[in-house]
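Participant: Got a predicted structure here, sequence first:
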Amino acid sequence: MNSTQYQALMNTLSQHILGKPQQIKLALACMLANGHLLIEDLPGMGKTTLSHALAGLFGLQFSRIQFTSDLLPADMLGSNIFNSRTHEFEFRKGPVFSQLVLADEINRASPKTQSALLEAMEEQQVSIDGQTFALPQPFFVIGTQNPSYQAGTYPLPESQLDRFLMRISLGYPDWEAEKTMLNQSGGQRSATGLVEVISPTQLALWQQQVSNVHAAGAVIDYILRLVTMSRTTPGYPHALSPRASKAILQAAKAWAFMHERDYIVPEDVQAVFEAVTEHRLRSVNMESAQDAVLSQRLLESVDPLAA
Amino acid sequence: MISSHLPIAGHRASLCIALTLGVITLCLYQQLMAWVLLLMCCAVGSRVFLFKGAYQRAPGTRTINMLALLTCVALGWFSRDQGLLLTMVNLLVCACALKLLLLQKHRDFLQVSGCCLFLIGCTFIFSQDLFATILYAVILMAALLSLQLLYAPQQPFKGHVKTLLKMALQALPIAVILFLVLPHLPPFWGMPEGKSSETGLSEKMTPGDIANLTQSTERVFTATFDNALPAPQQRYWRAMVLEHFDGYSWQVADYRKARQQLLPLMPGQSSSEAVQSTIDSPAWRYQLLSEPSGNSWLYALGYTRPQNSSTAQKTWRGDDYTLMSRQPILSKQAFSLVSYPRTPLLLSPLAQERQVNLQYPEQTNPRTREWALALRLQSSSNADYIKRLLAYFADSGFRYTLQPAVMRHAPVDAFLFDYQAGFCAHYASAMTLALRIAGIPARVVSGYQGGQLLDEKVLNVFQYDAHAWVEASIDGKHWQRFDPTSVVAASRLLYGFQNAMADQQEDLPLFSRARSHNSAMVAGVYQFMDNINYQWNRWVLGFDGQTQQDFFTRILGHASIERMTLFSLAVVLFIAGLLAFYFMPRPTQRNVKEPLRLYQHAAAKLHRVTGLPRDNLPARVYQQRLNPLLDKADQQALAQFIACFEAVEYQPEHAAKQNLLPLRASYKVLMRSLKTRGPFKPPRN
């Protein structure tokens, strides 16, 4: 990765989201790994701002879908509309046909709508009335959700949480960061002020390079030990699936790439591990604040260097 | 971690221990009462259903306590007939069954498996032959398997079996050494006679105790005759004379035993030789080939003498005309003998003999005494009395059976007047007592009757030919043979044991030799198994204090105290060494590749030097944590080392290869740099 480009990217993002360098890096890694991102936090923490900023910096075509309990799949995917002039049905594309879709408050929609979106995420295409429409490339979904204990939410089932490569939460900014934010002009900053730093072509090239990052046998073994540990030790409500181990590897590759290495070290795995696995390990019914973080417990109990 | 409460459905360990207990209980079926067996079956069945999840709730503590109370009462009730040992075995099985029903906690499981191991030990009281030993070893493995399933439920089944076999192999040499070396103590308590018995001879005969006489198909001896064979009804092979009667059992009288110990020391023949005036022909000359019995008695047809001097040196004859070997027969031995069936057996001049042969306890069998005295009064002479006695056996509906009732109190009374069914020992015992009551000297002779023709001149005698009969002296000078059993089961005498049992054929085990010796293959298999079992008996079960002593002398030359001490010490050290070898932590680096090994060495050294353990930290993170604790030079060396390590471990292959040499170099630099530092000392408060 070109370090100047990367620095520019980080700087701009840090100006928009203050005091959250780790989360920004994870979000970037997620995009580089060509995965969807889930941001879970309370309202007003900057979830939307982060997605806006990412879309702007990568010059991606952006759309936002505000999920509500009465949102129907057609509202999101689009529908066939009768054109009275040509006497034919025409497909009117819905907001999902964008390169970066911000699915805001995804857990407020009905399960039917949720699964329609998640299907599109997985298949990278939309089927309506027997016709299949490819989604634009690259295609990212940034889902945001409120913690499920808030009223009027349908928590995403485990099978659908699995589709998101990472889940991050932003959390409250620290004292200094919030002070700076308040001192800035009214605290208001719109995505329109963003300039494209990286072109979508460049992004595609980077994604290509990420998948070429070398993963040594020792690292693969480490990942395998981690997932096996989650499967054989009691106390993990959901063991890590093979999809999860693929996700860990992909995210770790992106992380290594961001640190200008063409090989993974165990530290890369550890850095992305919580974001990639915590939402897969944790049962929906578990209180998020409950006891130690499961992924952390796994990391502590597995030796990255064992033969 | 082991939670103290066990799961119920699908808990493999519980199922395994239940099935093991079921099998071990079935192995003990002869010793257990029917209701105890039933209780165990119920317990095992309930475990199976609980395992399958067919129902969820195990019986509660209160139910089990009630059952336990009932069981105790029942056991107490039946214990009078069972004797102490059997009651204890039954108690143990009951306890296991009840605990199995109440398998709730980890602790319960350990108790049940402990009891299960103890039960496996108990089975050895009742049978110790090779096949039983192998079977019990397999059951023992199953019991250990259940423990494995308890402690490592996640491990695949194959892994369990592998671990078990490995541990068994490790234990085997230690077991063998301990078997050879540990002192073989005499038993702490005597074994009470079991309810079942096998045909065969022993120095004590208690017919009332035996409820089930099984036919042992072991061969006892083979007799090869030079001339004509004796007729079947003449083939009474005398082995022992049982003269002492305590109301229940017949055994060899004490004065005989004393003389038996004394006589072999005297040169020449026994004292009765002088009295023997005439020896009548005809004579039966034969070669007796005895199977190893561990005893010294031999088998003689009436008045018998050795044919040649070598046999004469090996044997001696008691004044009860029994023939003994001077050494216990531990391997097959041949004796050349000649018997004179017409020669009368004389009463020895010893006063004791007459006295002992009239002795009987007057209180034990009162009905018999009354009846016998009355019968004697009705009879005109002793001969007439004997005729009437035999007629009584013939006419009063007596029956020959191998499954008589147990007669513990007043056994002869019970046999004569209540049950009227029994085998030779019952008949001989009853008749001898009746004769003694009437003042006729009488004794029980045990030995073998009949035999099976192998060809024209060869006779095989098996344990199931064991017999007991009566010798009485009507005239006060000669012993005369009477066989009350023949009156009841004449066919036994004429055609041998097998024909007599023809109508009881279903009592014989399916593949018993007594049934199917016409099949050559089955006979061959039998011979093979007999041989294996014999070797087992000889070398393992027969390994007692004496053989152990011989073993020591053979390897030590001369078993002096110093040598024995040194030897014991060596054995203890050897076992300790074996154990240390098994339990020594295997160096984990053995299969580890070089870079990782270097890193682990370095990390261990850094831990010693700084007091900061590596834990499960990746290399870089560990380095960052270490840095504040190290000085500049160490930091640099460490950074170089970590960089090389990372390159070797994680970079693509060509880059990794290039960094192997630098890694070794940086390792040396780092170790040298760290050498100057002493070990970490924790700060004292």
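Facilitator: Nice, I can see it.
Participant: Mind checking the pLDDT average for stretch B:335-343?
Facilitator: Averaged over stretch B:335-343, pLDDT sits at 83.
Participant: How about stretch A:220-236?
Facilitator: Stretch A:220-236 comes out with an average pLDDT of 86.
Participant: Now do the contacts for the residue in the stretch 251-400 of chain B positioned nearest to chain A.
Facilitator: Nearest to chain A, among the residues of the stretch 251-400 of chain B, is residue B:294, at 56.7 Å (CB to the nearest CB). Every C-beta, even on glycine, is put in place using the N, C-alpha and C of the backbone. Taking CB atoms under 8 Å, 6 or more residues apart in numbering or on different chains, we find residue B:294 in contact with B:328, B:329, B:330, B:542.
Participant: Just the pLDDT at it, thanks.
Facilitator: pLDDT, read off for residue B:294, is 74.
Participant: now residue B:197
Facilitator: Predicted confidence (pLDDT) at residue B:197: the value is 55.
Participant: ok, now residue A:302?
Facilitator: Looking at residue A:302, its pLDDT reads 84.
Participant: what are the phi and psi values for it?
Facilitator: Residue A:302 adopts backbone torsions of phi -120, psi 130, taken as degrees, to the nearest 10.
Participant: count of neighbours near it?
Facilitator: Using other CB atoms under 10 Å in any protein chain shown, residue A:302 has 20 other residues around it.
Participant: now residue B:142
Facilitator: Number of residues near residue B:142 (other CB under 10 Å) recorded here: 18.
Participant: what does residue A:281 give?
Facilitator: 21.
Participant: how far away is it from chain B?
Facilitator: 18 Å (CB to the nearest CB, to the nearest Å).
Participant: what's the one helix or strand in chain A whose mean pLDDT sits lowest packed up against?
Facilitator: Within chain A, confidence by mean pLDDT, DSSP states H and E is lowest for helix A:158-161 among all helices and strands, at a mean of 78. Contacts defined by 3 or more CB pairs under 8 Å, 6 or more residues apart in numbering or on different chains; DSSP states H and E place helix A:158-161 against helix A:111-123, helix A:266-281.
Participant: what about 7 Å?
Facilitator: Where contact means 3 or more CB pairs under 7 Å, 6 or more residues apart in numbering or on different chains; DSSP states H and E, helix A:158-161 is packed against helix A:111-123.
Participant: Identify the residue nearest the residue positioned nearest the centre of chain B in space, chain neighbours excluded?
Facilitator: Computing the C-alpha centroid of chain B and ranking residues by CA atoms, centre = their mean puts residue B:128 first, at 2.2 Å. Nearest residue to residue B:128, sequence neighbours excluded (CB to CB, 6 or more residues apart in numbering or on different chains): residue B:541, at 5.5 Å.
Participant: can you count the residues close to the one you found?
Facilitator: Neighbour count for residue B:541, taken as other CB under 10 Å: 13.
Participant: same check, this time on residue B:207
Facilitator: Using other CB under 10 Å, residue B:207 has 26 neighbouring residues.
Participant: repeat for residue A:226
Facilitator: Neighbours of residue A:226 (other CB under 10 Å): 23.
Participant: now swap in residue B:666 and tell me
Facilitator: Residue B:666, neighbours per other CB under 10 Å, totals 23.
Participant: do the same with the one 3 residues further on
Facilitator: Residues lying near residue B:669 (other CB under 10 Å) number 16.
Participant: how about it, what does it touch?
Facilitator: Residue B:669 sits next to B:637, B:640 when contact means CB atoms under 7 Å, 6 or more residues apart in numbering or on different chains.
Participant: try 8 Å
Facilitator: B:637, B:640, B:641.
Participant: Switch those residues over to a markdown table, and while doing so, append pLDDT and distance to residue B:52 to every line.
Facilitator: Output for the contacts of residue B:669, formatted as a markdown table (pLDDT from 0 to 100; distance: CB to CB, whole Å):
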| residue | pLDDT | distance to residue B:52 |
| --- | --- | --- |
| B:637 | 86 | 64 |
| B:640 | 88 | 63 |
| B:641 | 88 | 58 |
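Participant: can you put the residues you listed in TSV and add distance to chain A, secondary structure and neighbour count?
Facilitator: As requested, the contacts of residue B:669 are arranged in TSV below (distance: CB to the nearest CB, whole Å; DSSP: H, G, I helix; E, B strand; the rest coil; neighbours: other CB atoms under 10 Å in any protein chain shown):
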residue	distance to chain A	secondary structure	neighbour count
B:637	19	helix	21
B:640	16	helix	17
B:641	14	helix	26
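Participant: most neighbours, which of the contacts of residue B:294?
Facilitator: The most crowded member of those is residue B:329, carrying 19 neighbours; neighbours defined as other CB under 10 Å.
Participant: wait, doesn't that residue sit right on residue B:288?
Facilitator: No - counting by CB atoms under 8 Å, residue B:329 sits too far from residue B:288 to count as a contact (10.7 Å).
Participant: residues in contact with the nearest residue to residue B:428 once chain neighbours are set aside?
Facilitator: Among residues not flanking residue B:428 along the chain, residue B:468 sits closest, at 4.1 Å (CB to CB, 6+ apart). Going by CB under 8 Å, 6+ apart, residue B:468 touches B:205, B:242, B:424, B:425, B:427, B:428, B:429, B:444, B:445, B:446, B:447, B:485.
Participant: Tell me, how many residues neighbour the last one?
Facilitator: Put plainly, it is residue B:485. Residue B:485 has 27 nearby residues by other CB under 10 Å.
Participant: I figured residue B:477 was touching residue B:345, is that so?
Facilitator: No - contact criterion CB under 8 Å: residue B:477 and residue B:345 do not qualify, at 10.0 Å.
Participant: With neighbour numbers in mind, choose between those two.
Facilitator: Counting neighbours by other CB under 10 Å for residue B:477 and for residue B:345 shows that residue B:345 has the greater number, 20 against 10.
Participant: got the contact list for that one?
Facilitator: Contacts of residue B:345 by CB under 8 Å, 6+ apart are B:302, B:303, B:321, B:471, B:478, B:479.
Participant: Bridged to it, which residues?
Facilitator: Residue B:345 has these beta-bridge partners by DSSP bridges: residue B:479.
Participant: So which bits of chain B are right by chain A?
Facilitator: Within reach of chain A by CB under 8 Å from any CB of the partner chain, chain B has these residues: B:154, B:588, B:591-593, B:596, B:599-600, B:615-621, B:646, B:649-652, B:656.
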